[in-house]
Structures are given as C-alpha cells and as structure tokens.
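J.: Take this sequence and fold it.
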Amino acid sequence: MAESKFSAASPPAHPMANPGYGKRTAPDQLPRAKPDFAHLAPREAAIAAYLERLPDGADISVKTLAKQLPYGQCALGTALNRIQQAGHLRRGRECVTADDGSSRWITRSWWSRTARDDDWWAAFTRGDVPQQAARPTRSRAHILLAALGRTASVLSLSEADCAALAPLVTDWFARGASEDDVLRALTAGLPTPVHHSAALVRNRLTSKLPPPPAPRPPLRVLECANCGAPGRPETLPGGRCSACRGERAPAQPPAPLSAPTIHDRAAEIRAAMSQRRQEKAHT
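T.: Numbering: from 1, shown residues only. This is a model prediction of the structure:
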C-alpha cells in the first residue's frame with residue numbers, strides 16, 4: 001500500500017519553508033510510543049507519522065506535501081483536517097520579536113505528536129502550556145520548600161509539609177515571583193522561637209502573596225484550517241470555524257432605525273390617520 005511505502009521511508013529531501021516559517025513542534029510532549037497515531041485511520045496515521053519525522057522548519061503546506069506523498073491536494077487537505085481534529089495540528093500566527101526589538105506576526109503550523117484537546121491549544125495560544133500529569137512530582141515549588149531548612153534551619157519542613165505547601169508557592173511563581181522573592185518573604189524577620197514551621201510558612205505564603213500580574217496579550221492566534229479566518233480558540237473546536245463545520249451563525253437582531261427614519265414614519269402615520277378622519281367626516 002502507498003501508506004506503508006512512504007511511512008517507512010526517511011524524508012531527508014523534504015523541502016524547507018522560508019526561514020522562520022514551516023513546522024513548529026509544540027512543547028511538553030510525552031515520549032514516543034508505537035500507538036502515537038493508532039487512533040487515526042490508516043491514511044491519516046501514515047501522513048501523521050511522516051509529519052512527525054520532519055524537522056522543524058519543514059514546509060508542511062498541502063501543496064508541498066502533495067509533491068512528496070502519493071496523494072492529491074484535496075485528499076491531503078481532508079487528511080490534515082482529520083489529523084487536526086484529533087489534536088495533532090493547529091495553524092495560526094505568532095508574535096515574534098526581532099533583534100532590534102521590533103515585533104511582527106509570523107504564520108505558523110504547530111505540530112504535536114501527543115494528541116491535545118481544545119483546552120490545551122487554548123492555553124498554548126496564551127503561552128500558558130499545562131504540564132503533563134505523568135511528569136515527576138517534585139516540582140520547582142516542592143524543591144524550594146525541601147531546601148528551605150538550609151537557609152533557615154528553624155523552617156525545616158517534612159516531605160508531607162512540602163507537598164501540602166507547594167501549591168501556595170506555585171501561586172507565587174504564577175504571579176511573577178522568583179525563588180529569591182519567596183525565600184525573602186519566608187525568612188525575613190523570623191520570630192524567636194518558631195513554634196510551628198509549617199504553620200508559619202503557610203501564613204506568610206498566604207498573607208504576603210503578591211498581586212496578580214496584568215493580563216498578557218495573546219502570544220499566538222489560531223486560524224481556521226479550511227478558510228483561514230482567525231478566531232478565539234473556543235470558537236475553533238478541532239481547528240475549524242463554525243461556518244466550515246456547517247453550523248449556522250445565530251440570527252442577528254434587526255438593526256435599530258435611525259432617528260430621522262422614525263420621525264418620517266411617524267409623520268406618515270399621522271398624515272394617514274388625519275386623511276382617514278377627513279374621509280369619515282365627509283361620508
């Protein structure tokens with residue numbers, strides 16, 4: 001079959017896109033495994049395996065893929081849409097900053113071997129990629145708390161204390177605080193003696209929590225895979241807009257009449273009523 005022929009072949013001659021464009025691998029993926037694309041139909045699985053092996057920067061447009069694979073542009077467009085709906089691909093634009101400090105929007109095609117749901121892609125557009133649950137449990141916050149006793153011996157914490165308090169430290173990091181900021185807040189001006197280290201740490205992490213940062217503008221904008229229309233992630237489930245999914249747009253309320261139009265209508269009604277009264281008076 002055509003799928004087995006090209007899925008097993010190495011694609012070293014695949015064209016690259018212009019610098020800064022082409023395939024971009026999404027972050028925080030699970031290790032490779034045989035069933036990565038087992039949920040796809042054979043044709044889509046073979047194309048996905050081919051895309052996975054391509055380096056970042058490869059041109060993965062339909063037109064270029066049609067020159068490399070045994071499918072026409074129409075078939076490839078359909079296959080890529082199905083791969084996208086399965087959570088492996090999104091297209092859109094990303095704001096990048098040049099060396100001179102200027103910013104511009106670049107067209108991107110983001111690829112993920114690990115299938116992602118719409119919520120993950122929405123977080124990705126904000127630059128806030130959620131971590132996989134299968135990763136190591138000793139987080140950055142947990143490590144800071146476990147080492148707290150080295151800075152202030154009276155604040156030595158147990159493993160259970162570190163696990164319980166780590167989410168509070170994570171809140172600090174989410175608001176832009178550094179490890180040094182957290183350490184200063186926890187160790188400055190300690191009372192003598194410290195009766196309960198975990199209670200003191202919890203109180204300071206809660207009472208001294210910095211304010212939330214100002215909302216960040218989106219780093220990326222997703223586009224419909226079919227028509228290219230930009231939109232918020234929640235309006236592009238599976239990477240397609242409502243029109244391309246065959247859904248009707250909600251009916252729009254009629255536009256309000258302008259003041260001159262209302263006055264003209266009222267004058268017409270008054271004139272018609274006056275004429276009718278005159279006609280009745282002569283009958």
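
J.: Counting neighbours, what do you get for the closest residue to His88 other than its chain neighbours?
T.: Using CB to CB, 6 or more residues apart in numbering and skipping the chain neighbours, the partner closest in space to His88 is Ser112 (5.4 Å). Using the backbone N, CA and C atoms, a C-beta is placed for each residue, glycine as well. Neighbourhood size, Ser112 [other CB atoms under 10 Å]: 21.

J.: do the same with Ala199
T.: Ala199 - counted by other CB under 10 Å - has 11 other residues nearby.

J.: Quick check: the gap between it and Asp128.
T.: Distance of Ala199 to Asp128, computed by CB to CB, to the nearest Å: 32 Å.

J.: mind showing which ranges of the stretch 1-150 of the chain have poor pLDDT?
T.: Scanning the stretch 1-150 of the chain for pLDDT under 70 picks out the ranges 1-12, 99, 129-137.

J.: Walking through it, point out its strands one by one.
T.: Here the stretch 1-150 of the chain has its strands, by DSSP state E, counting those that start in this stretch, at 23-25, 89-97, 103-111.

J.: export those to JSON lines and tack on mean neighbour count and distance to Asp161?
T.: As requested, the strands of the stretch 1-150 of the chain are arranged in JSON lines below (neighbours: other CB atoms under 10 Å; distance: least, CB to CB, whole Å):
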{"stretch": "strand 23-25", "mean neighbour count": "18", "distance to Asp161": "38"}
{"stretch": "strand 89-97", "mean neighbour count": "18", "distance to Asp161": "41"}
{"stretch": "strand 103-111", "mean neighbour count": "16", "distance to Asp161": "40"}
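
J.: Let me know which of those strands is the nearest to Arg220.
T.: Closest approach to Arg220 among the strands of the stretch 1-150 of the chain (CB to CB): strand 89-97, 4.7 Å.

J.: list the helices and strands the closest one packs on?
T.: When contacts are defined as 3 or more CB pairs under 8 Å, 6 or more residues apart in numbering; DSSP states H and E, strand 89-97 packs onto helix 73-85, strand 103-111, helix 118-125, strand 220-223.

J.: Could you tell me the angle between that strand and helix 73-85?
T.: Strand 89-97 runs at 80 degrees relative to helix 73-85, counting by axes from the mean of the first three to the mean of the last three CA atoms, to 10 degrees.

J.: Contacts for strand 89-97, please.
T.: Identification of contacts with strand 89-97 by CB atoms under 8 Å, 6 or more residues apart in numbering yields 20, 24, 51, 80, 83-84, 103-112, 121, 124-125, 217, 219-223, 225, 228, 230, 239.

J.: Output it as PDB, restricted to C-alpha atoms.
T.: This file holds the C-alpha atoms of strand 89-97, laid out as PDB (Å, rounded to 0.1, in the frame of the first residue of the first chain):
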ATOM      1  CA  LEU A  89      -2.000  20.100  14.400                       C
ATOM      2  CA  ARG A  90      -3.000  23.800  14.600                       C
ATOM      3  CA  ARG A  91      -2.400  26.600  12.200                       C
ATOM      4  CA  GLY A  92      -2.200  30.300  13.000                       C
ATOM      5  CA  ARG A  93       0.100  33.200  13.700                       C
ATOM      6  CA  GLU A  94       2.700  34.000  16.400                       C
ATOM      7  CA  CYS A  95       4.100  37.300  17.500                       C
ATOM      8  CA  VAL A  96       7.900  37.200  17.400                       C
ATOM      9  CA  THR A  97      10.400  39.900  18.500                       C
END
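
J.: Okay, now the sheet partners of that strand, with direction.
T.: strand 103-111 (antiparallel), strand 220-223 (antiparallel) (DSSP bridges).
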